[in-house]
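Asker: got a sequence here, can you build the structure:
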Amino acid sequence: MNDFPVELKNDWTLQNVEFQALTRRLRRGDSWWQLLLFVSAVVALFGVAAGVWFASVAIREHDLFYGLAAVTMLTAVPPAALAEFRARRSALQWHDRTPEGMVGHALQRVEATARLLRIAFVNALVLLVLAAVVWVFVLLGFIAQNPSLVFITLLWIAFGLATLGWVRWRTGANFRERERCHRLLREFSAATSAAL
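Answerer: Next up is the predicted model:
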């Protein structure tokens, strides 16, 4: 007896369960991505405002530390915020509601997440480099060492290292999601070809 039709039906049943789970995950993710889109806009505005405030303090007090912080914030935040906004917005656009389209949309989110992880990686490096530059200037005597400078630079270092660790962990999860989507597409294509 030929078990192929039974196997095909079982494969389709499993695929339907996976497609339904993927669709639920994408729909739940919509609200989360919309919230993060709003949060990223607020954080970008806060970052630019902080950069302007740092610049005003640097000018008023002739402080190199605040000047470096201002230059970093005003050159790093706007491009990163714009790239993040575009990536998040593109991940919210659903074009095709078929099972294959759902997987395509999930892959679109995977790619958007990969772009966001690259942005987070660069921002973490910017923080670490800024902390290093500040301490080079401290050692050269251009910036006076004080408790607030130590606290702020240690905060930058801690946040930068934590972000790098999170990016590494999240990149692995994103890679596994990409592989799962490609597997679903291959199975969908094979099942469709076999049904014809």
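Asker: what are the ranges of the helices in the chain?
Answerer: In the chain, the helices defined using DSSP state H lie at 4-61, 64-90, 99-140, 147-195.
Asker: mean confidence for the third one?
Answerer: So that's helix 99-140. Helix 99-140 carries an average pLDDT of 88.
Asker: that one packs against which elements?
Answerer: In this structure, helix 99-140 packs against helix 4-61, helix 64-90, helix 147-195, with contacts taken as 3 or more Cβ pairs under 8 Å, 6 or more residues apart in numbering; DSSP states H and E. Placement of C-beta: from N, CA and C, glycine included.
Asker: among those helices, show me which one is buried the most.
Answerer: The highest average neighbour count among those, using mean count of other Cβ atoms under 10 Å, belongs to helix 64-90 at a mean of 17.
Asker: could you check the angle that helix makes with helix 147-195?
Answerer: 20 degrees (axes from the mean of the first three to the mean of the last three Cα atoms, to 10 degrees).
Asker: now helix 64-90: mean pLDDT?
Answerer: On average, the pLDDT along helix 64-90 is 83.
Asker: for stretch 41-57, same thing?
Answerer: The model assigns stretch 41-57 a mean pLDDT of 90.
Asker: residue closest to the middle of this structure?
Answerer: By Cα atoms, centre = their mean, the chain has its centre lying nearest to Leu116, at 2.7 Å.
Asker: with Leu140 as the reference, measure out to the nearest residue to that one once chain neighbours are set aside.
Answerer: Of all residues not flanking Leu116 in the chain, Ala87 sits nearest, at 5.3 Å (Cβ to Cβ, 6 or more residues apart in numbering). Separation of Ala87 from Leu140 (Cβ to Cβ, to the nearest Å) stands at 39 Å.
Asker: alright, that wraps it up for me.
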